[in-house]
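*Asks:* starting from these lines, generate the structure:
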Amino acid sequence: MKKVLAVVGPTACGKTRRGVALARALGGEIVSADSRQVYCRMDVGTGKDLADYGDDVAYHLIDIAEPGSKYNLFEFLRDCRRAVDDIDARGRLPIIVGGTGMYVESFLKGIKLPEVPANEELRAELSGKSIEELTAMLAAMKRLHNSTDVDTCARAIRAIEIERYYLEHPELAADTRGAEPVPAVIVGIDIDRETRRTLISERLRRRLDREDMLAEVEGLIASGVDPEALIYYGLEYKFLTLHVLGRLSRADMERELEIAIHQFAKRQMTWFRGMERRGFPIHWMPFDMPDAEFVDAVKALMT
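*Replies:* As a prediction, the model looks like this:
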C-alpha cells in the first residue's frame with residue numbers, strides 16, 4: 001500500500017462523497033485540503049457536508065480555526081503532516097480530500113515552510129496601494145500561477161510579505177528545495193465543463209434558497225467577525241458580505257458570485273493539470289461512476 005491517497009478535483013464534483021466511500025472501504029480517515037473548511041461556523045459557504053461522514057468516518061483539519069483568523073500554507077503543511085503521521089501510526093490510511101491544489105501539491109512535494117511573521121512596517125508601506133500595483137509588485141517577485149494571491153489587497157500584501165521574508169532569509173527558502181516527496185496515489189474526479197457549471201449553479205441556488213447561506217454570513221458578522229476578514233476569504237463570503245454591507249444588491253451579488261465560482265473551478269482545473277505537468281500523475285475517474293466501481297478502481301491503483 002502507498003502511504004497516502006489523495007482525492008482532488010474542482011468544486012461541486014463530489015470529492016467528499018468519494019473520499020468517504022474510500023475511507024469506509026479501505027479503513028481510512030479523511031484529511032481535508034480545503035483552505036476555508038478549517039474555519040468554525042463557516043459551514044454552508046465552504047460546503048463541509050459533515051453529514052456525509054456519518055458516525056463512522058473520522059476527519060481532520062475541519063473546524064480547527066476561528067473565523068476572522070488567516071490560516072495559511074505553513075499551518076496547513078504543519079497540521080496535515082501531524083494528521084497523516086498520526087493516522088499512519090494507527091495503521092489507518094490517510095486520505096487527503098480537497099480542491100486547494102496548492103495545499104495538496106505542497107504537501108505531496110514534502111515542502112516544509114518556516115513560519116513567516118507579520119511585518120507591520122511593510123504592511124503600513126503597502127496599505128495605500130491598489131490591487132493592480134500590488135499584483136505588479138508580486139509578479140516581479142515570483143511567477144503567479146493563479147490569481148488566488150491577488151484576490152484582495154490583504155491577500156496580495158500577505159503574499160508580498162512572505163516573498164520579502166524569503167528574500168531576506170534565503171537559507172530558509174532553500175530548505176524547501178530539499179523536500180522529500182510523499183509517496184501517494186492521486187485520484188481526480190473528472191467532470192465535463194458544462195455539467196460542472198450546471199452543478200455549481202444548482203448548488204449555489206440551494207445554498208442561497210434552502211440552506212440560507214446569507215443567514216450564516218449575517219450570523220458571523222453579528223458575532224463580531226470583522227467583515228473585512230470575511231471579504232478576505234473570497235467567493236461566497238466576499239460577495240455575501242458585500243451584500244450585507246450594502247455594497248452590492250441581491251441580484252448583483254448572486255450574479256457576480258456565480259461567475260466567480262465558475263472562474264474558481266476553472267482555476268482549480270488549471271492547477272491540477274499543471275500538477276500533472278510537474279510530475280504528479282493524477283488518475284482521472286468519471287464523476288458519475290458508481291461508488292462500488294470507483295472504490296474497486298482505486299483499490300487496484302493502491303495495490
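
*Asks:* alpha carbons only for contacts and neighbour counts from here, please
*Replies:* Will do.

*Asks:* need the contact list for residue 280.
*Replies:* Contact analysis of residue 280 by C-alpha atoms under 8 Å, 6 or more residues apart in numbering lists residue 186.

*Asks:* need the pLDDT of it.
*Replies:* pLDDT for residue 280: 97.

*Asks:* what does residue 155 give?
*Replies:* 83.

*Asks:* so where do the strands sit in the stretch 101-250 of the chain?
*Replies:* Remark: strands assigned in the stretch 101-250 of the chain by DSSP state E, counting those that start in this stretch are 184-190.

*Asks:* mind listing the helices for the chain?
*Replies:* Using DSSP state H, the helices of the chain run over 15-26, 73-89, 101-109, 120-126, 131-141, 153-168, 170-175, 193-209, 213-222, 227-233, 235-244, 250-277, 291-302.

*Asks:* mean neighbour count, those helices: which tops it?
*Replies:* Of all the helices of the chain, helix 235-244 carries the top mean neighbour count, a mean of 22, counting by mean count of other C-alpha atoms under 10 Å.

*Asks:* what mean pLDDT would you report for that one?
*Replies:* Helix 235-244 comes out at a mean pLDDT of 97.

*Asks:* where in the stretch 51-200 of the chain is pLDDT low?
*Replies:* Applying pLDDT under 70 to the stretch 51-200 of the chain flags the ranges 143, 145-149, 170-178.

*Asks:* now the helices of the chain in a markdown table, with distance to residue 55?
*Replies:* Putting those into a markdown table (distance: least, C-alpha to C-alpha, whole Å) gives the following:
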| stretch | distance to residue 55 |
| --- | --- |
| helix 15-26 | 11 |
| helix 73-89 | 17 |
| helix 101-109 | 26 |
| helix 120-126 | 45 |
| helix 131-141 | 45 |
| helix 153-168 | 37 |
| helix 170-175 | 40 |
| helix 193-209 | 24 |
| helix 213-222 | 25 |
| helix 227-233 | 29 |
| helix 235-244 | 28 |
| helix 250-277 | 30 |
| helix 291-302 | 19 |
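
*Asks:* for residue 40, find the nearest of these.
*Replies:* Residue 40 lies closest, by C-alpha to C-alpha, to one member of the helices of the chain: helix 213-222, at 10.1 Å.

*Asks:* what's the closest one packed up against?
*Replies:* For helix 213-222, the packing partners by 3 or more C-alpha pairs under 8 Å, 6 or more residues apart in numbering; DSSP states H and E come out as helix 235-244.

*Asks:* keeping just the C-alphas, turn the helix it packs on into PDB.
*Replies:* Extracted in PDB, the C-alpha atoms of helix 235-244 (Å, rounded to 0.1, in the frame of the first residue of the first chain):
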ATOM      1  CA  LEU A 235     -16.100  33.700  -3.100                       C
ATOM      2  CA  GLU A 236     -19.300  33.200  -1.100                       C
ATOM      3  CA  TYR A 237     -18.100  35.100   2.000                       C
ATOM      4  CA  LYS A 238     -16.700  38.000  -0.100                       C
ATOM      5  CA  PHE A 239     -19.900  38.600  -2.100                       C
ATOM      6  CA  LEU A 240     -22.400  37.900   0.600                       C
ATOM      7  CA  THR A 241     -20.600  40.200   3.000                       C
ATOM      8  CA  LEU A 242     -20.500  43.000   0.400                       C
ATOM      9  CA  HIS A 243     -24.300  42.500   0.000                       C
ATOM     10  CA  VAL A 244     -24.800  42.600   3.800                       C
END
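
*Asks:* what does it contact?
*Replies:* Helix 235-244 is contacted by residues 45, 214, 217-218, 227, 230-232, 248-250, 253-254, 256-257, 260-261 when judged by C-alpha under 8 Å, 6+ apart.

*Asks:* could you check how far that helix is from the centre of its chain?
*Replies:* When distances are taken as C-alpha atoms, centre = their mean, to the nearest Å, helix 235-244 is centred 18 Å away from the chain's centroid.

*Asks:* could you give the angle of it to helix 193-209?
*Replies:* Using axes from the mean of the first three to the mean of the last three C-alpha atoms, to 10 degrees, the direction of helix 235-244 lies 40 degrees away from that of helix 193-209.
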